[in-house]
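Student: task: produce atomic coordinates for the following.
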Amino acid sequence: MQRDFADFWNLLWELALGVCAAFALLNLLAPQQHLPWKPLDLSQPIGTATAAKVADFVLPPTAAPEEITAVTGACMQVLREAGVEVERAPDRDDGGFCVVRGAVRITGGAVTPLPGNPVLQCPLAVRYVIWERQVLQPAAEATFGSRVASLNDVGSYSCRRIYGQTSPKARPSEHARANALDIGGVTLADGRRVSVLEDWPGDGPRGPEGRRFLTRVREGACRVFSTVLGPGYNAAHANHLHLDGAPRPLCA
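Tutor: Got it, this is the predicted structure:
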């Protein structure tokens, strides 16, 4: 009996050593973007743990002021470490569901600027930087041989329900929390413009390349944002891509 008990504990000890060795090897060799315990690095490709790391910066509705300050500060630090210039935007309460807390403005740095420096929830700003670096710019260079210089027809905060409906039964828009970004198109470094409205069908000014580019950036956005809507979803999105950080996932 005593020998069996000793053998059992020896086996447990060997298993524990094996698990520790495997973890150490994983921690050493696996790419950082796939390991949830490693810090978020916006210079790394999108990985299996990227979404979870971004979600760490999402504020619960009941967050106290101290938590908002701490979490938003940590989120802004990740952006700054990535070379992005960012500032805290004032909290605002326009009544009802139109409440914005822990938001920021991207003011410059190593990222394609957003016209007007719109107010964004900090996790949404992080998602935008990831998408801009890992999806938007590679797609532009691969399709057109030119980088994106600026975004066109950009919208963020708007105190409204979805699609501008007035019925109390209509769900509040993520725009009402500055948790959504609308993008109507881009201007390339060489001056060419790509428009969602004109180029999505594939027969617009940019031809099939325009459709291929827009499809690629929309599909890539689905790996970064929670909700991604485009012209294929409904008529309300015929002229822009809608990108947000809502809890419910939808790619359409």
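Student: what is the burial count for residue 234?
Tutor: Residue 234 sits with 11 neighbouring residues when counted by other CB atoms under 10 Å. Where C-beta positions appear, they are placed from N, C-alpha and C, glycine not excepted.
Student: so how far is the lengthiest strand in the chain from its chain's centroid?
Tutor: The strand that spans the most residues within the chain, counting by DSSP state E, is strand 103-109. Distance, stretch centre to chain centre, for strand 103-109: 14 Å (CA atoms, centre = their mean, to the nearest Å).
Student: quick one: distance of the helix or strand following it to the chain centre.
Tutor: The helix or strand immediately downstream of strand 103-109 is strand 120-121, counting by DSSP states H and E. Computed by CA atoms, centre = their mean, the separation of strand 120-121 from the middle of its chain amounts to 10 Å.
Student: what average pLDDT does strand 120-121 get?
Tutor: When the per-residue pLDDT values of strand 120-121 are averaged, the result is 98.
Student: partner strands of it, with direction?
Tutor: Using DSSP bridges, the strands paired with strand 120-121 are strand 103-109 (antiparallel).
Student: what comes into contact with the partner strand?
Tutor: Counting contacts by CB atoms under 8 Å, 6 or more residues apart in numbering, the residues outside strand 103-109 that touch it are 72, 75-76, 79, 83-89, 91, 113-114, 117-122, 125, 128-129, 157, 178.
Student: in the longest strand of the chain, what's buried?
Tutor: When burial is assessed from 16 or more other CB atoms under 10 Å, strand 103-109 yields the following buried residues: 103, 104, 105, 106.
Student: mind putting those residues in TSV, distance to residue 211 and pLDDT included?
Tutor: Formatted as TSV, the entries for these read as follows, by distance: CB to CB, whole Å; pLDDT from 0 to 100:
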residue	distance to residue 211	pLDDT
103	34	97
104	33	98
105	32	98
106	28	98
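Student: how close does residue 190 sit to residue 146?
Tutor: According to CB to CB, to the nearest Å, residue 190 and residue 146 sit 5 Å apart.
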